[in-house]
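[1] sharing a sequence plus its predicted fold:
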Amino acid sequence: MNKAVFIDVDGTIVSYEGELPQSAVTAIQKARANGHFVYMCTGRSKAEIYDDLWEIGFDGLIGGNGSYIEHHDEVVFEQTLTEEECRSIVDWCHARGLEFYVESNNGLFASEHFEEQGQSVMVEYSKRKHLPDAEEMSVRKAFPEMIFGGELVRSDVNKISFILSSYQDYLDAKEEFAHLMVNTWGGEGEIALFGDVGVAQINKGKSVQILLDHIQINRENTLAFGDAKIDIPMLEYCEIGVAMGNGGPEIKEMADYITDAVMDDGLYNAFEHFGLI
């Protein structure tokens, strides 16, 4: 029976250093050649899925942590912030002096001073991910296709990420935008570097359900692969949930199976273990 496989990108297909192991490419290509459906399921918007990933070969994409679903170039589902919601978040960031970027499938749009304010933040983020030459990291290196000087209030926005001046910014955002989904990234708790505000009542698990209904594959024929807390709804929903060896403790505790780290052929080894290849 053909399976549907959902794979997180950062920390699962590629390492946080940006390395793409050939074993992961081989595993995905072999699984698809065997008739299985394989999808990226990521927090990245479509604008952040660069050619090196698409060239591996996938049946589609779940992006923006579930706010966008694509199957064989067909848009199956898209939920965006309303223009009014986008304006309120942009105005709130401006009022607090927080620099930010707007994430949409049509591009990443930086606020007026995001490049300058984001420099030290991206260096710190790179250090935490043990990236080579972290001290040389810049906003333009981290986001090579980011748009500067573009329109910030838009109707095509999945989420907005903002630089935290303190953890209180996140707490206040959570209160201000209680009707939306507010998270942090770049670290846990008070060491987080960014907050983000996105569409409500959607996550990776819900988006998997929507896609399965579209392609008419039963839930019992699904596998999910991830490394982080945000991947847990996807692993919970799918029949088999696999945590990467480099994953965090929360996802390892709930996973059905723990494979090796991404750079230790974790994806390939798990695909082989479950008979996908």
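    Cool, got the structure. Small disclaimer: the values here were computed from a predicted structure and weren't measured. Numbering: from 1, shown residues only.
[2] could you measure from the residue nearest to Glu151 when sequence neighbours are not counted over to Ala47?
    Using CB to CB, 6 or more residues apart in numbering and skipping residues adjacent in sequence, the residue nearest Glu151 is Phe109, 6.8 Å away. All C-beta spots, glycine's among them, are computed from the backbone N, C-alpha and C. According to CB to CB, to the nearest Å, Phe109 and Ala47 sit 10 Å apart.
[3] which one of the two has more residues nearby?
    Phe109 (23 against 20; other CB atoms under 10 Å).
[4] state the pLDDT value of the spatially most central residue of the chain.
    Centroid-nearest residue in the chain, with CA atoms, centre = their mean: Gly43, separated by 1.7 Å. At Gly43, the pLDDT value in this model is 88.
[5] next: Thr184.
    In this model, Thr184 is scored at 89, pLDDT.
[6] could you do Gly18 as well?
    pLDDT for Gly18: 81.
[7] give the contact list for the residue nearest to it when sequence neighbours are not counted.
    Using CB to CB, 6+ apart and skipping the chain neighbours, the partner closest in space to Gly18 is Leu131 (7.2 Å). Leu131 is in contact with Tyr16, Glu17, Gly18, Met137, counting by CB atoms under 8 Å, 6 or more residues apart in numbering.
[8] among the residues you listed, name the buried ones.
    By neighbour count, with 16 or more other CB atoms under 10 Å, the contacts of Leu131 hold Tyr16, Met137 as buried.
[9] how about the residue nearest to the centre of the chain, secondary structure?
    When classified by DSSP: H, G, I helix; E, B strand; the rest coil, Gly43 comes out as coil.
[10] my guess is it contacts Asn65. True?
    Yes. With contact defined as CB atoms under 8 Å, Gly43 reaches Asn65; the gap is 4.7 Å.
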